[in-house]
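Q: Have a look; sequence and predicted model below, questions after that.
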8 protein chains.
Amino acid sequence: MREIRDVFHLAIPAYDLDTTVDFYVGGLGCKLARRYDDRVTIDFFGDQLVCHLSAPPEVETPMEQLPMYPRHFGVTFRESQDFDALYHLCVQRKLPFYADVATRFDGLVEVHRTFVVCDPSSNLLEFKHYSDPRMMY
Amino acid sequence: MREIRDVFHLAIPAYDLDTTVDFYVGGLGCKLARRYDDRVTIDFFGDQLVCHLSAPPEVETPMEQLPMYPRHFGVTFRESQDFDALYHLCVQRKLPFYADVATRFDGLVEVHRTFVVCDPSSNLLEFKHYSDPRMMY
Amino acid sequence: MREIRDVFHLAIPAYDLDTTVDFYVGGLGCKLARRYDDRVTIDFFGDQLVCHLSAPPEVETPMEQLPMYPRHFGVTFRESQDFDALYHLCVQRKLPFYADVATRFDGLVEVHRTFVVCDPSSNLLEFKHYSDPRMMY
Amino acid sequence: MREIRDVFHLAIPAYDLDTTVDFYVGGLGCKLARRYDDRVTIDFFGDQLVCHLSAPPEVETPMEQLPMYPRHFGVTFRESQDFDALYHLCVQRKLPFYADVATRFDGLVEVHRTFVVCDPSSNLLEFKHYSDPRMMY
Amino acid sequence: MREIRDVFHLAIPAYDLDTTVDFYVGGLGCKLARRYDDRVTIDFFGDQLVCHLSAPPEVETPMEQLPMYPRHFGVTFRESQDFDALYHLCVQRKLPFYADVATRFDGLVEVHRTFVVCDPSSNLLEFKHYSDPRMMY
Amino acid sequence: MREIRDVFHLAIPAYDLDTTVDFYVGGLGCKLARRYDDRVTIDFFGDQLVCHLSAPPEVETPMEQLPMYPRHFGVTFRESQDFDALYHLCVQRKLPFYADVATRFDGLVEVHRTFVVCDPSSNLLEFKHYSDPRMMY
Amino acid sequence: MREIRDVFHLAIPAYDLDTTVDFYVGGLGCKLARRYDDRVTIDFFGDQLVCHLSAPPEVETPMEQLPMYPRHFGVTFRESQDFDALYHLCVQRKLPFYADVATRFDGLVEVHRTFVVCDPSSNLLEFKHYSDPRMMY
Amino acid sequence: MREIRDVFHLAIPAYDLDTTVDFYVGGLGCKLARRYDDRVTIDFFGDQLVCHLSAPPEVETPMEQLPMYPRHFGVTFRESQDFDALYHLCVQRKLPFYADVATRFDGLVEVHRTFVVCDPSSNLLEFKHYSDPRMMY
């Protein structure tokens, strides 16, 4: 279990701040905490996401060719209904899916469901739910 | 405040799994949750850090030339004594400091203390403490 | 003590949505939850504030002539340091004070400190701290 | 999630204190915290409601003509059974309904059930339950 | 530690309901939950106190001759400041003290501070604070 | 909701300490906290019950003639399964029932189930479960 | 209920540290907290297990002849699904069962399900679930 | 952090049940949960200790020659005042100290205070407090 009083923070690139706010607040339903000229900070499921204005790469990689490893982030939900609700939200609001919902590690204790969406700056977000909550770590 | 039952997860590159475990478990005092051939998962201050075995870049960047932005991660502590204790641990165990403890945004409500350490795969970890806890997001 | 899982919600008038977001998010340090054409919703210290776009009154009342009673709202802090931090924020960010910090009911068990700020739509926000926390209700 | 230790407080007009206590304590099942000559304070679902004795308007507006916007308040329940129980209580105790239970924003992520009752001083109270709890803000 | 979700309830005699409400709500600062013709229910420091209208004894015992044993009730506070605040309230509001604050079992692990007040129906209420919180049971 | 850190304490008469421990610990499944020559203290569902050795009345009242009002005590459970489990325990361990399980106030919001057992010193213990948890006070 | 902030710690013998880590981390899904030359410390379901490197007995006792009493340890789960999940994990990962799942004390309030596994150093671990959670102590 | 709802349980030998209850309940201030002919169960700082009646060894080892490793158990306190209070209790009630309070690992992050008492069946109980709470595991 994690300390409720502390906050994880993650800094990622954002090619455009307005689009970033649209995606995280208007899309994913996160909250906008602060906005500066060079970054926005998001209350991302209770943790802090800092989106730093950054130049996009000279050659844009199509979403389907983005590498899933080694870099991505997201939330592992304790309750399956929270996973389901977020998946439902992503479908209903037509967020871009990099990988639709699927089951990994079937037959192992580590079995979990997962889906991946892509933010406007090519950051991949994975959301997961494990059958056995002790495997969340 | 964040949901205590959910877990943030972050996937990052690791050039070598043994060194990674040494740094995060033996150094930072995190816990090893699972080990596979191609990755280790760490209980990182209550969240999940997945370190994926990845080829190091062909040309290694010296730590002091690593860019702080846009990518880094860490924990923002609610209580200053937790920040102090972790700083003390990093000094005592001689973890490599990218940036020693310093105060940012002095004179603003956003004022906070911060220090940055570097893991063996050139990932930068920032730990913070805000004077006003409402600024943690 | 209140149920942590439920949320109080309050709907108030807003004469202009941008100014409202500036005041509550950029000023008071609350979080923007959702924005529509006719309203914004704010995560106001953990509760929901819905600011509905409304026509301002034909004749504007100067702040100092606004009536404190019977309508105002705010937060009563359990810990004095949270009250102090918010007062410090309001001063540092130059939010408009309707009433500077003062002590009410001195000599009674109900004694508390209080200050009042005014949002851009003439809504009065009172923040309080009671010496005896049992008097918070 | 909100801070359990802090309390939202809302001040509203009350045309008569006895009737107000009858409605909030005897009707809605809230608790009476304090009573003074000019106001009563209510523990309203864990937050503080201060009902200030105020002169009623010279011309009374019939309930059905009261404006729902921009001013009303209430509780958003996390669990549907709490919403159901309060609706059941309001029906059983014959509290005056301004709007019977209905579903808003069907087909959107923001979909929620809502009903509105009216206190003896023409204050409108809305109670809500969202299908997706992340939309409570 | 006790289950936060359950409630202790205690039924006691009350010779007069108005006086009882005055003492518990206006005096001790508890909350009135419900009132019926034959009883009132009080939110007594988070537990339920039911005061049943009862005929007083034919011969009234003066307070100082009331027996402390075997029947009395009250709250044992975990934090000394909560004990101090309630003692301060009882003094300031001139509640009738059956026994002023005193230390019992000095020199033993069970050492605690205690004071006793008397309600209008001759019920004795004892409030305690133990130096070692493990002795609260 | 009650403060988890504080403890309600109730002092009651006990005609014999061994029998009292048998009833509360061996019967009801409470825990023995402390034993002295003149009293035992019980961790009674998380609160403190102090059973003071007292002379029994000269004429014993048969259980069925004991008055339920104004004095009795017990626990109101938030969850019906906790009420059911305790009733099951009382039946299985053959504790003396003063009143078998029954429903009171059917048709009202205050509707609840209740049963009453009697300890060896003629103290009546009532356990309750309300359909609407807001009626627990 | 136990104090969430404190930790139970238990020291047990380990004949080999690698095998011990394999069993507790790779098998039971616990977390490795610290490793020294002469011991490893495990985050064992939230408590601390210290496995001290110890010489095995000269004559090894076959598992089925190990005595269950008086020494063994484990976890009593509050929720049956947590018990089920751990049993499922032990079966799926083929941990050595000393005693397969069984019901004890059927017909008594103390009825519970239990199974026992054996670690590589002949320590017996029992996991339990009681029908009535008040019997967990 | 550990799951508050689950309970660690440890079974140990007891040469005599009365002496065992005297030590754990009357001495250490734990609570007696259940007593059977062949064992007693103790609520040991919120976890379950089962003391099984066992024949003492034929040759008794004097306390000072008992081995501290590999078997002992106890509690690691999060707050130093809880450690201090228990040490004070052990001194005041003259429990047999196997090792008086001392500091281990001075100069390391793992630095902690510790003392060890011995129960009547030669079980060693260690209580600890770490300067850095992250080292509790």
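A: Yep, that arrived.

Q: what does the model give the closest residue to A:Asp119 other than its chain neighbours for pLDDT?
A: Distances taken as Cβ to Cβ, 6 or more residues apart in numbering or on different chains place A:Phe23 nearest to A:Asp119, at 5.1 Å, with adjacent residues excluded. All C-beta spots, glycine's among them, are computed from the backbone N, C-alpha and C. What the model reports as pLDDT for A:Phe23 is 98.

Q: and A:Phe23, how many neighbours?
A: Look at A:Phe23: counted by other Cβ atoms under 10 Å in any protein chain shown, it has 25 neighbours.

Q: what kind of secondary structure is it in?
A: helix (DSSP: H, G, I helix; E, B strand; the rest coil).

Q: mind listing what's buried in the top helix by length along chain A?
A: Using DSSP state H, we find that the single longest helix of chain A is helix A:80-92. Of all the residues in helix A:80-92, those buried under the rule 16 or more other Cβ atoms under 10 Å in any protein chain shown are A:Asp82, A:Phe83, A:Ala85, A:Leu86, A:Tyr87, A:Leu89, A:Cys90.

Q: mind listing what the fourth one touches?
A: Contacts of A:Leu86 were listed using Cβ atoms under 8 Å, 6 or more residues apart in numbering or on different chains, and they are A:Val75, A:Phe77, A:Phe127, D:Arg134.

Q: element containing the most far-flung residue of chain A relative to its centre?
A: When each C-alpha in chain A is compared with the mean C-alpha position (Cα atoms, centre = their mean), A:Gly107 comes out farthest, at 26.2 Å. Using DSSP states H and E, A:Gly107 falls within no helix or strand.

Q: Now it: phi and psi?
A: phi 90, psi -10 (degrees, to the nearest 10).

Q: okay if I get the buried residues of helix A:80-92 as TSV plus pLDDT and distance to B:Tyr98?
A: Output for the buried residues of helix A:80-92, formatted as TSV (pLDDT from 0 to 100; distance: Cβ to Cβ, whole Å):
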residue	pLDDT	distance to B:Tyr98
A:Asp82	96	36
A:Phe83	98	36
A:Ala85	97	39
A:Leu86	98	34
A:Tyr87	98	38
A:Leu89	98	37
A:Cys90	98	36
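
Q: can you pull the pLDDT of whatever residue of chain A ends up closest to chain E?
A: Using Cβ to the nearest Cβ, the single residue of chain A nearest to chain E is A:Ile4, 15.7 Å away. In this model, A:Ile4 is scored at 74, pLDDT.

Q: I'd say it and B:Ile4 touch.
A: Yes - between A:Ile4 and B:Ile4 there is a contact under Cβ atoms under 8 Å: 4.7 Å.

Q: Please state the offset of whichever helix or strand comes after the longest helix of chain A from the chain centre?
A: Going down the chain from helix A:80-92, the next helix or strand is strand A:97-104, by DSSP H and E. Relative to the centre of its chain, strand A:97-104 is centred 13 Å away, using Cα atoms, centre = their mean, to the nearest Å.

Q: Next, the angle helix A:80-92 makes with strand A:97-104.
A: Between the axes of strand A:97-104 and helix A:80-92, defined by axes from the mean of the first three to the mean of the last three Cα atoms, to 10 degrees, the angle is 150 degrees.

Q: Kindly confirm my reading that A:Glu60 forms part of a strand.
A: No - with three-state DSSP as the criterion, A:Glu60 is coil rather than part of a strand.

Q: can you give me phi and psi for the nearest residue to A:Leu124 once chain neighbours are set aside?
A: Nearest residue to A:Leu124, sequence neighbours excluded (Cβ to Cβ, 6+ apart): A:His72, at 4.1 Å. Main-chain torsions, A:His72, degrees, to the nearest 10: phi -170, psi 170.

Q: for chain A, what spans make up the helices?
A: Using DSSP H, helices in chain A cover A:17-21, A:80-92.

Q: Any chance of these in CSV with distance to C:Val101 as columns?
A: What follows is these, written out as CSV (distance: least, Cβ to Cβ, whole Å):
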stretch, distance to C:Val101
helix A:17-21, 34
helix A:80-92, 41
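
Q: Wait, A:Phe127 touches A:Val75, no?
A: Yes - assessed by Cβ under 8 Å, A:Phe127 is found in contact with A:Val75 at 5.6 Å.

Q: Would you mind measuring from the residue nearest to A:Leu124 to B:His52?
A: Using Cβ to Cβ, to the nearest Å, A:His72 is found at 10 Å from B:His52.

Q: Show me the common contact partners of these two, please.
A: B:Ala11.

Q: Ignoring the adjacent residues along the chain, who's closest to A:Arg34?
A: A:Thr41 (4.5 Å).

Q: Give the bridge partners for the one you found, please.
A: Listed by DSSP bridges, the beta-bridge partners for A:Thr41 are A:Arg34, A:Val50.

Q: do A:Pro13 as well
A: A:His52.

Q: so who does it touch?
A: A:Cys51, A:His52, A:Ser54, A:Ser121, A:Asn123, B:Pro70, B:Arg71.

Q: Could you tell me how far the nearest residue to the first one once chain neighbours are set aside is located from B:Thr76?
A: Looking back up the chat, that one is A:Cys51. Excluding the flanking residues, the one nearest A:Cys51 by Cβ to Cβ, 6+ apart is A:Ala14, at 3.7 Å. Look at A:Ala14 and B:Thr76: by Cβ to Cβ, they are 19 Å apart.

Q: and what of A:His88?
A: 31 Å.

Q: What of A:Met68?
A: Distance from A:Met68 to B:Thr76, by Cβ to Cβ: 27 Å.

Q: more neighbours, these two?
A: Applying other Cβ under 10 Å to A:Met68 and B:Thr76 shows that B:Thr76 carries more neighbours, namely 22 against 13.

Q: Quick check: that one touching A:His9?
A: Yes - at 5.3 Å, B:Thr76 counts as touching A:His9 under the criterion of Cβ under 8 Å.

Q: Name the residues contacting each of those two.
A: Contacts common to B:Thr76 and A:His9, judged by Cβ under 8 Å, 6+ apart, are A:Gln48, B:Lys128.

Q: Would you check that A:Asp43 makes contact with A:Lys31?
A: Yes - in this structure, A:Asp43 is within contact of A:Lys31 by Cβ under 8 Å, at 4.1 Å.

Q: Spell out which residues are contacts of both of these two.
A: Contacts common to A:Asp43 and A:Lys31, judged by Cβ under 8 Å, 6+ apart, are B:Tyr137, C:Lys31, C:Asp43.

Q: filter those residues down to the ones near chain A?
A: B:Tyr137, C:Lys31, C:Asp43 (Cβ under 8 Å from any Cβ of the partner chain).

Q: so of those, which ones are in strands?
A: C:Lys31, C:Asp43 (DSSP state E).

Q: In a markdown table, list the ones next to chain A among the shared contacts of A:Asp43 and A:Lys31 along with neighbour count.
A: Shown next, in a markdown table, are those (neighbours: other Cβ atoms under 10 Å in any protein chain shown):
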| residue | neighbour count |
| --- | --- |
| B:Tyr137 | 25 |
| C:Lys31 | 24 |
| C:Asp43 | 25 |
